[in-house]
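> fold the following, please.
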Amino acid sequence: MTKTALVVGASGIAGGALSAELAADGWSVLGLSRRPTGQTGVVPVVADLHDPVATHAALADVRPDAVFFTTWARQDSEAENIRVNAAMVRTVLDAVRPAASVSHVALVTGLKHYLGPFEAYGQGTLPQTPFRETQPRLDVDNFYYAQEDEVFAAAQRDGFRWSVHRPHTIIGKAVGNAMNMGTTLAAYASLCRETGRPFRFPGSAAQWNGLTDMTSASQLARHLIWAATTPAAADQAFNVVNGDVFRWSWMWGRIADWFGLAPAAFDGATLPLEVQMANDQDVWRRLAAREGLAEPELVRLASPWHTDADLGRPIEVVTDMGKSRSLGFTGYEQTDAAFFALFEQLRAERLIP
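From the prediction side, this is the model:
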């Protein structure tokens, strides 16, 4: 029988990729978002998760076998992040509870589980890398922990299986997304080529020289489906990355070459993208008008603050994925290839010149 998936946050990077992968695998896919995505093979469910009454109404006739949480809402403080994002998870799980159809719930969080929330990101005493799922929670408030606790409590109450997925920075396509390194770097490279500015690495020497890894949206999607359909993966938290490691001192040149740029020499000083791109909106509008681009608003493509947080970290960040491997997940994707595939998609859809 065809299984039904409810993808919460279907318009985002992770949710869009997951919806496509589920549909390709033969699932019936319901995509929950504030606006219909128009994605092929996805039935839109429109609701604002900040409104419990509207969300309950939108999900009243929904009977999903699996629920996948791939969204969050950024707030001005971690206390508000906890209140708002925990409530969104709780609202959805309360709304689907009467149907008693859910057998699996998956939650996408990330490496802030190990690095701490934005207010204390990469600070204090952090666990050793590679990060492993056996490492305990940090002794600090974190909305990821609050989201997990909502899932755990509902699973105990309602009897479904669960999985938690902790990707590193996700590479994928979405417009208007708050955490979007791939498209941010594509916009930055396009602006450097347009203005003749140097294509300069914005982050720290630790990131330039140290090893790191990333997660493509397609790799995350395959991992989510694997956990939802593999009995041995039930009630587990997993790291999920592409499977390769690299140094930005190598990757930066690869990205520069794709855009026909020469990478600027890195002098060891951090120069954030928020500074470099602060006055680029008008330049982007002119570029978009001349090239017939689909999105003239740079703010809907680039999220410099988030890319700066990742590339400015003072420590090397590598993620262990042995737990998934030991249970049978074999997915792998080269990170430079994931970047290039994204850039090609952005160009094909006229989001970059």
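> okay, buried residues for stretch 14-29 please.
By neighbour count on 16 or more other CB atoms under 10 Å, the buried set for stretch 14-29 is 14-23, 27-29. From N, CA and C alone the C-beta is placed, and that goes for glycine too.
> next one: that stretch to chain centre, how far?
Centroid separation between stretch 14-29 and its chain, computed with CA atoms, centre = their mean, to the nearest Å, is 16 Å.
> can you flag which of the buried residues of stretch 14-29 belong to helices?
Ala14, Gly15, Gly16, Ala17, Leu18, Ser19, Ala20, Glu21, Leu22, Ala23 (DSSP state H).
> relative to Gln334, how far out is the third one?
Right, Gly16. 21 Å (CB to CB, to the nearest Å).
> tell me the one of the buried residues of stretch 14-29 nearest Glu148?
Ala14 (16.6 Å; CB to CB).
> isn't that closest one right up against Ala217?
Yes. Counting by CB atoms under 8 Å, Ala14 touches Ala217, with 5.7 Å between them.
> list the residues that contact both of those two?
By the contact definition CB atoms under 8 Å, 6 or more residues apart in numbering, Ala14 and Ala217 are jointly contacted by Ile170, Gly172.
> can you show me the strands along the chain?
Here the chain has its strands, by DSSP state E, at 4-8, 28-33, 42-46, 66-69, 104-108, 161-167, 170-171, 211-212, 215-216, 236-240, 246-247.
> look up phi and psi at Asp25.
Main-chain torsions, Asp25, degrees, to the nearest 10: phi -90, psi 0.
> burial of the nearest residue to it once chain neighbours are set aside, as a residue count?
In space, and not counting its chain neighbours, Asp25 is closest to Ile225: 6.3 Å by CB to CB, 6 or more residues apart in numbering. For Ile225, the neighbour count with other CB atoms under 10 Å is 20.
> quick check: Ile225 vs Pro117, distance?
Per CB to CB, Ile225 is found 28 Å from Pro117.
> where do the helices of the stretch 151-300 of the chain begin and end?
181-195, 205-209, 217-229, 248-258, 273-276, 281-291 (DSSP state H, counting those that start in this stretch).
> Asp336 contacts Phe246, correct?
Yes. Asp336 is within contact range of Phe246, at 7.4 Å (criterion: CB under 8 Å).
> how about the contacts made by Ala227?
His104, Ala106, Ser163, His165, Ala233, Ala234, Gln236, Phe238.
> show the pLDDT at Ala178.
Here, the pLDDT recorded for Ala178 equals 72.
> can you check Val175 too?
Taking Val175 on its own, its pLDDT is 88.
> for the residue nearest to it when sequence neighbours are not counted, grab the count of nearby residues.
Leaving aside its chain neighbours, Val175 sits nearest to Arg300 (5.4 Å; criterion: CB to CB, 6+ apart). Residues near Arg300, counting by other CB under 10 Å, number 16.
> repeat that for Asp320.
With other CB under 10 Å as criterion, Asp320 counts 17.
> isn't it right up against Phe238?
No. The criterion here is CB under 8 Å, and Asp320 misses it with Phe238 at 10.4 Å.
> common neighbours of these two, please.
Glu133.
> now do the contacts for the residue lying closest to Val89 once chain neighbours are set aside.
Excluding its sequence neighbours, the residue lying closest to Val89 (CB to CB, 6+ apart) is Glu150, at 4.2 Å. Taking CB under 8 Å, 6+ apart, we find Glu150 in contact with Ala86, Val89, Arg90, Leu93.
> and those residues, which two are the farthest apart?
Going by CB to CB, the pair spanning these furthest: Ala86 and Leu93, at 10.9 Å.
> the more surrounded of the two?
Using other CB under 10 Å as the criterion, Ala86 and Leu93 rank with Leu93 on top: 22 against 19.
> my read: the more buried one touches Phe152, true?
No. With contact defined as CB under 8 Å, Leu93 does not reach Phe152; the gap is 10.9 Å.
> residues in contact with Leu261?
Contacts of Leu261 by CB under 8 Å, 6+ apart are Ala189, Cys192, Arg193, Phe199.
> beta partners for the last one?
Right, Phe199. Pro263 (DSSP bridges).
> quick one: it and Thr307, what's the gap?
Remark: distance between Phe199 and Thr307 (CB to CB) = 14 Å.
> among those two, which residue is more densely surrounded?
The neighbour comparison of Phe199 against Thr307 (other CB under 10 Å) goes to Thr307, with 25 against 19.
> any idea how far the more buried one lies from Arg97?
Look at Thr307 and Arg97: by CB to CB, they are 38 Å apart.
> what do you get for Arg247?
47 Å.
> and if you look at Cys192?
If you go by CB to CB, the gap between Cys192 and Arg97 works out to 51 Å.
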